[in-house]
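[1] Need the 3D shape of this:
(one chain, ligands or ions: 1)
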Amino acid sequence: MVQDPNPNHAAFAEMPATALIRSKSDHLVSLASMPALFETLARRPAGQAVPVASNVEYELNIASGGRGSMNEMDGIGRRSVLACPDCHGVMWEIEEGEVVRYRCHVGHTYSAEIRALH
Ligand SMILES: [Zn+2]
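    Reported below is the predicted structural model:
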């Protein structure tokens with residue numbers, strides 16, 4: 001579900017516009033329509049379970065307080081020359097299509113524009 005990026009519906013149109021470019025959405029709705037659609041979708045029976053990609057599962061573990069080993073981090077990205085602004089550890093560069101982001105083994109994450117994601 002993505003908010004309609006029309007300036008009449010979105011105060012910050014760039015965010016939903018970027019979501020539309022970078023991902024496939026099933027629903028494009030105004031902010032005012034989202035609660036009703038969430039309720040409708042939540043009442044539908046769940047579909048088949050979808051296996052989670054190992055790199056996503058690994059990053060979720062790090063983001064929820066786990067730590068990544070150097071070898072495991074090498075599996076999701078490549079070591080960069082950048083140090084984490086928070087813990088000063090090595091940052092791994094992770095490419096996902098046109099999006100590049102950085103993550104340290106502690107879990108701090110940054111976009112290429114150096115804005116904290118978590
Ligand atoms: Zn860090």
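
[2] mind checking the SS state of residue 102?
    Classification of residue 102 by DSSP: H, G, I helix; E, B strand; the rest coil places it in strand.

[3] actually residue 49, sorry about that
    Assigned by three-state DSSP, the conformation of residue 49 is coil.

[4] residues from the chain in reach of the ion?
    84, 86-87, 104, 106, 108 (CB under 5 Å from the ion). (Glycine included, C-beta is placed from N, CA and C.)

[5] Name the residues of stretch 84-102 that are buried.
    84, 90-92, 94, 101-102 (16 or more other CB atoms under 10 Å).

[6] could those residues go into a markdown table alongside pLDDT and secondary structure?
    Listed next are the buried residues of stretch 84-102 as a markdown table, based on pLDDT from 0 to 100; DSSP: H, G, I helix; E, B strand; the rest coil:
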| residue | pLDDT | secondary structure |
| --- | --- | --- |
| 84 | 94 | coil |
| 90 | 94 | strand |
| 91 | 95 | strand |
| 92 | 95 | strand |
| 94 | 93 | strand |
| 101 | 91 | strand |
| 102 | 93 | strand |
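
[7] From the residues you listed, pick the one nearest residue 72.
    The closest of the buried residues of stretch 84-102 to residue 72 turns out to be residue 92 (CB to CB; 10.0 Å).

[8] So what sits opposite the closest one in the bridge?
    Listed by DSSP bridges, the beta-bridge partners for residue 92 are residue 79, residue 103.

[9] Okay, domains of the protein per the record?
    Taking automatic domain parsing as the reference, the chain has its domains at 2-43, 54-111.

[10] tell me how far the last one is from the chain's mean position?
    Its chain's C-alpha centre and that of domain 54-111 lie 12 Å apart, by CA atoms, centre = their mean, to the nearest Å.

[11] First-to-last residue distance for that domain?
    21 Å (CA to CA, to the nearest Å).

[12] Tell me the buried residues in the helix or strand bottoming out on mean pLDDT in the chain?
    None of the helices or strands of the chain scores lower by mean pLDDT, DSSP states H and E than helix 54-63, at a mean of 84. For helix 54-63, the neighbour count (16+ other CB under 10 Å) marks 58-59, 62 as buried.
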